[in-house]
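Enquirer: below is the sequence, then the predicted model.
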Amino acid sequence: MGMKLPFMKSKGMLGLDIGSSSIKVVEISSGSKGMELLKLGVAPLPPDAIVQGDFLNVSAIVDGIREAVSMSGTSLKDVATSVSGHSVIVKRINLPKMSREELEESLAWEAEQYIPFDVSEVNLDFQILGYGDAGETEETMDILLVAVKKELIGNYTAAIVEAGLNPCIVEVAGFSVENSFEANYDPEPNEAVALVNVGSQVVNINVVINGSPAFTRDIATGGSQYTEEIQKSLSIGYEEAERMKKGDGASGTSSQDVIPQEVEQAMRGVTDVLVGEIMRSLDFFSATSEESQIKRIMLSGGSAKVIGFQSAFQERTNIPVEIMDPLARVTPSKYFDSEYLSEVGPSLGVGVGLALRKADF
């Protein structure tokens with residue numbers, strides 16, 4: 001589900017994931033031979049370029065988009081991108097049954113009751129999930145309501161246009177991850193799967209049942225917390241702390257045996273807080289949805305692979321926790337290095353989901 005933008009559309013769509021620590025560009029073809037990964041580019045962003053969803057350094061973001069596109073070697077210009085964070089509201093609501101046209105007319109009025117922003121400040125979209133609820137008559141309809149601040153969409157589209165690309169679709173990051181999941185996995189009927197995308201500054205949570213989002217929430221925390229804690233505990237710079245977070249060790253340090261323990265301690269503290277935050281949302285879903293209990297948790301995002309995160313999550317939940325492979329059913333073209341793909345794979349959940357969009361959806 002994505003918001004169409006008033007730009008020219010074509011069949012080929014580039015997935016552009018503008019994350020707060022890196023920009024990912026993905027091109028996938030899907031035909032009779034299945035899905036093939038044609039192009040991929042990943043470019044880092046400075047830590048202060050995007051803070052809490054705000055574009056603080058637009059030129060760095062534009063440069064990052066250009067660099068990722070250039071690395072990928074793609075010739076596509078039309079892109080699908082995604083947004084998340086506090087300027088994005090997703091609500092599942094129940095309304096009296098009406099036609100799509102009637103709903104479009106009354107959407108702004110209905111939305112006013114559910115969103116904390118002025119309706120004139122947002123772009124609205126909806127998806128009809130079904131008619132009638134358990135215990136209710138068929139006279140009602142289940143709607144997924146999405147509201148995104150126009151200012152946020154404006155920031156993304158302006159940066160994309162400045163980088164020489166053509167923004168066609170903007171969707172919610174949690175739905176992009178769902179798109180990736182459904183293209184690569186076969187969940188059981190009625191199985192509630194929690195898709196948890198752990199980015200640098202935002203965690204996207206989307207509980208999916210039978211191909212529909214049952215619960216969607218973004219949490220303003222993420223993998224950058226690890227970097228900050230390592231910086232504090234060792235009094236080192238950002239780049240060095242990032243290296244240590246990824247388990248690459250510290251360069252030029254003499255006390256190699258002391259540092260890992262301190263890093264481990266700092267990281268364990270962050271993991272406990274992060275898992276606790278995510279669990280609060282999942283517990284809320286479980287408490288409000290008696291008939292659907294989460295059976296599986298799929299982790300994605302650049303921080304999903306932080307040492308100890310998956311096992312701590314599993315211990316806390318007693319639910320199977322696995323790292324999602326957004327390329328499980330995607331065949332890489334022969335140019336790709338398999339080691340590189342397995343390293344960046346988990347961070348491509350959003351990008352792959354976007355690349356699988358078609359402009360004429």
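Expert: Okay, I see it.
Enquirer: distance of the residue nearest to Ser289 when sequence neighbours are not counted from Val193?
Expert: In this structure, Ser289 finds its nearest non-sequential neighbour in Ala214, 6.6 Å apart by CB to CB, 6 or more residues apart in numbering. Where you see a C-beta, it was placed from the backbone N, CA and C, and this is true even at glycine. Ala214 sits 10 Å away from Val193, going by CB to CB, to the nearest Å.
Enquirer: can you check Gly349 too?
Expert: Plainly put, Gly349 is 13 Å away from Val193 if you go by CB to CB.
Enquirer: just Asp325 next, same as before
Expert: Applying CB to CB to Asp325 and Val193 gives a distance of 14 Å.
Enquirer: about what we covered before: need the residues touching each of Ala214 and Val193.
Expert: Residues touching both Ala214 and Val193 (CB atoms under 8 Å, 6 or more residues apart in numbering) are Val207, Val208.
Enquirer: next, the buried residues of the helix or strand hosting Lys295.
Expert: Lys295 is part of strand 294-300, with elements assigned from DSSP states H and E. Neighbour-count burial for strand 294-300, with 16 or more other CB atoms under 10 Å as criterion, is recorded at Ile294, Arg296, Ile297, Met298, Leu299, Ser300.
Enquirer: OK, contacts around the third one?
Expert: This points to Ile297. Ile297 makes contact with Val193, Ala194, Val196, Leu282, Phe313, Thr317, Ile319, Pro320, Val321, Glu322, according to CB under 8 Å, 6+ apart.
Enquirer: out of those residues, who's nearest Ser333?
Expert: Glu322 (26.2 Å; CB to CB).
Enquirer: my guess is that closest one contacts Arg296. True?
Expert: Yes. Under the criterion of CB atoms under 8 Å, Glu322 makes contact with Arg296 at 7.4 Å.
Enquirer: next secondary structure after the strand holding Lys295?
Expert: Next element after strand 294-300 (DSSP H and E): helix 309-317.
Enquirer: list of residues touching that following helix?
Expert: Here helix 309-317 makes contact (CB under 8 Å, 6+ apart) with 198, 268, 271-272, 274-276, 278-279, 282, 297, 299, 303-304, 320-323.
Enquirer: okay, now the sheet partners of the helix or strand just after that helix, with direction.
Expert: Once the chain leaves helix 309-317, the next helix or strand it forms, by DSSP H and E, is strand 321-323. Paired with strand 321-323 in the same sheet, following DSSP bridges, are strand 294-300 (parallel).
Enquirer: so what pLDDT did the residue nearest to the spatial centre of the chain get?
Expert: A centroid search over the chain (CA atoms, centre = their mean) returns Ala173, at 3.8 Å, as the residue closest to the centre. For Ala173, the pLDDT comes out at 96.
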